[in-house]
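Enquirer: One predicted model, sequence on top.
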Amino acid sequence: MPGSTKTMGVLTVGGLVMVTAYTVALGSSGWLWFGWVVLGLITLAMVVSRNP
């Protein structure tokens with residue numbers, strides 16, 4: 001996995017942890033979850049486009 005894809009994966013997982021912690025502490029925010037889903041889809045697209 002190239003460095004940029006690996007970095008996006010780490011950011012996606014870190015974002016999931018942060019959004020989950022925010023949800024537990026302060027309640028759910030639809031915009032945060034939407035942002036995380038978009039980030040996850042971008043990461044997934046990068047992974048798929050790099051592998052033949």
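Expert: Now that the structure is in, tell me what you want to look at.

Enquirer: quick check: mean pLDDT across stretch 13-32?
Expert: For stretch 13-32, the mean per-residue pLDDT is 92.

Enquirer: Pull out the buried residues from it.
Expert: G15, V19 (16 or more other CB atoms under 10 Å). C-betas here are computed from N, CA, C, even on glycine.

Enquirer: Could you measure from the residue nearest to the spatial centre of the chain over to G30?
Expert: Note on the chain: the residue nearest the mean C-alpha position is T12, at 2.6 Å, using CA atoms, centre = their mean. T12 is 18 Å from G30, where distance means CB to CB, to the nearest Å.

Enquirer: likewise T23?
Expert: Per CB to CB, T23 is found 10 Å from G30.

Enquirer: Scan this structure for its longest helix.
Expert: Secondary structure of the chain read by DSSP state H shows that its longest helix is helix 3-26.

Enquirer: what packs against that one?
Expert: Here helix 3-26 touches helix 30-50, going by 3 or more CB pairs under 8 Å, 6 or more residues apart in numbering; DSSP states H and E.

Enquirer: tell me what the helix it packs on is packed against?
Expert: Checking 3+ CB pairs under 8 Å, 6+ apart, helix 30-50 ends up next to helix 3-26.

Enquirer: Residues in contact with the helix it packs on: which ones?
Expert: The contact list for helix 3-26, computed with CB atoms under 8 Å, 6 or more residues apart in numbering, reads 1, 29, 32-33, 35-36, 39-40, 42-43, 46-47, 50.

Enquirer: Farthest-apart pair in these, please.
Expert: Greatest spacing in these, by CB to CB: S29 and R50 (31.3 Å).

Enquirer: Tell me, how many residues neighbour P2?
Expert: Neighbours of P2 under the rule other CB atoms under 10 Å: 10.

Enquirer: any idea how far T5 is from the closest residue to it other than its chain neighbours?
Expert: Leaving out its chain neighbours, the residue that sits closest to P2 by CB to CB, 6 or more residues apart in numbering is R50, at 6.1 Å. R50 is 6 Å from T5, where distance means CB to CB.

Enquirer: neighbour count winner among those two?
Expert: Between R50 and T5, T5 has the larger neighbour count (other CB under 10 Å), namely 15 against 11.
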